[in-house]
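>>> Pasting the sequence and the predicted model now:
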Amino acid sequence: MASASSSSLHRPGHDWSPRHLVALLTANFALALGPWLVRLADTGPVAAGFWRLTLALPVLFALAMREPAGQRRISGGTLLLIAGAGVFFGLDISSWHIGIETTKLGNASLFGNAGSVILMAWGLIAARRAPRLLELAAIISALAGAALLMGGSLEISHANFVGDLFCLLAGLFYAFYILMLRPARARLAPFSVLGASTLASAPVMLGIAVLLGERLVPHDWTPLLALAVSSQVIGQGLLVYSLRHFPPLVIGLALLTQPAISSTIGWLAFGETLSAGDVLGMILLAGALVLARAGDRG
């Protein structure tokens, strides 16, 4: 029998190596490129999300076929859960991409990842208990940071403020996506779950794009191919690969690279600048995401 110290090294969150850390940071860097590529696409924003998922599907299914057969079989209630999660993920990406078009890229990255705080708040409601100190600090920090960022957006224009709201709504949809997917992920291999949920998400996004009257077929496929590869295959793929090797706090800290990269791209490509209030708001909201991840023991 292995010793207690030896076994602890092999528990999820304790067996990471430099390779795993590179994978985690690369995942966050790839995901941070998403808002920029959405703006570069010459389709509508929701249509860009549809192509992000659709173009990535063959790769995801190829990766899923390499997983153990026993962890690929989806049936019954699990299939319904994954399909429902896919619907919420489609709503998440649709709302986020609409917000990306009008708000700052840094704001979009932060609000789009707000699901961590929302999940924590939902967990407190479900458990019917008062928040612990760490959880309370995360909620207060999130509210203060969001207020500063959204106030700065409102000073720029009404459209920017509405963009923040769409990105925040995306964070809410993402929280429901995670809640519905957790039972399936506990029993099935990650790429099988990701591929099946993506398959359910794509029609939702296509339907929304058609209802909004967006342009569906691009002249230039380059940004969409880059979006599919960077966000859905590399970003989501490496994130799925690396998650089991790190504790939630490290995941939360790595998450902070996304708004920093997106803000830099926004400044270089679109001339977006940050005020002192924006910087303080980003620090508060980013800190809330880290605290929420640190308090996550699920």
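Alright, I've got the coordinates.

>>> any idea which element the nearest residue to S95 once chain neighbours are set aside lies in?
Nearest non-adjacent residue to S95, counting by C-beta to C-beta, 6 or more residues apart in numbering: A170, 4.1 Å away. For glycine as for every other residue, the C-beta is placed from the backbone atoms N, C-alpha and C. Per DSSP states H and E: A170 is located in helix 158-187.

>>> could you point out which element follows that helix?
helix 190-211.

>>> If you count contacts, what does that following helix end up packed against?
helix 45-64, helix 76-100, helix 158-187, helix 236-243 (3 or more C-beta pairs under 8 Å, 6 or more residues apart in numbering; DSSP states H and E).

>>> Also compute the angle for the longest one relative to helix 236-243, please.
Taking axes from the mean of the first three to the mean of the last three C-alpha atoms, to 10 degrees, helix 158-187 and helix 236-243 form an angle of 50 degrees between their directions.

>>> Pull out the buried residues from helix 158-187.
Across helix 158-187, burial judged by 16 or more other C-beta atoms under 10 Å covers 160-181, 184-185.

>>> ok now that helix, how far from the chain's centre?
Chain-centre distance of helix 158-187: 8 Å, with C-alpha atoms, centre = their mean, to the nearest Å.

>>> Just want the angle from that helix to helix 190-211.
Using the same axes, to 10 degrees: helix 158-187 against helix 190-211 is 150 degrees.

>>> mind checking pLDDT for the closest residue in space to F173 that isn't next to it in sequence?
The shortest distance from F173 to any non-neighbouring residue, by C-beta to C-beta, 6+ apart, is to D92 (3.8 Å). Looking at D92, its pLDDT is 93.

>>> just L212 next, same as before
96.

>>> That one reaches V46, doesn't it?
Yes: L212 is within contact range of V46, at 6.2 Å (criterion: C-beta atoms under 8 Å).

>>> if we can go back for a sec, in JSON lines, list the helices and strands packed on helix 190-211 along with distance to L148.
Formatted as JSON lines, these follow (distance: least, C-beta to C-beta, whole Å):
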{"stretch": "helix 45-64", "distance to L148": "25"}
{"stretch": "helix 76-100", "distance to L148": "17"}
{"stretch": "helix 158-187", "distance to L148": "11"}
{"stretch": "helix 236-243", "distance to L148": "28"}
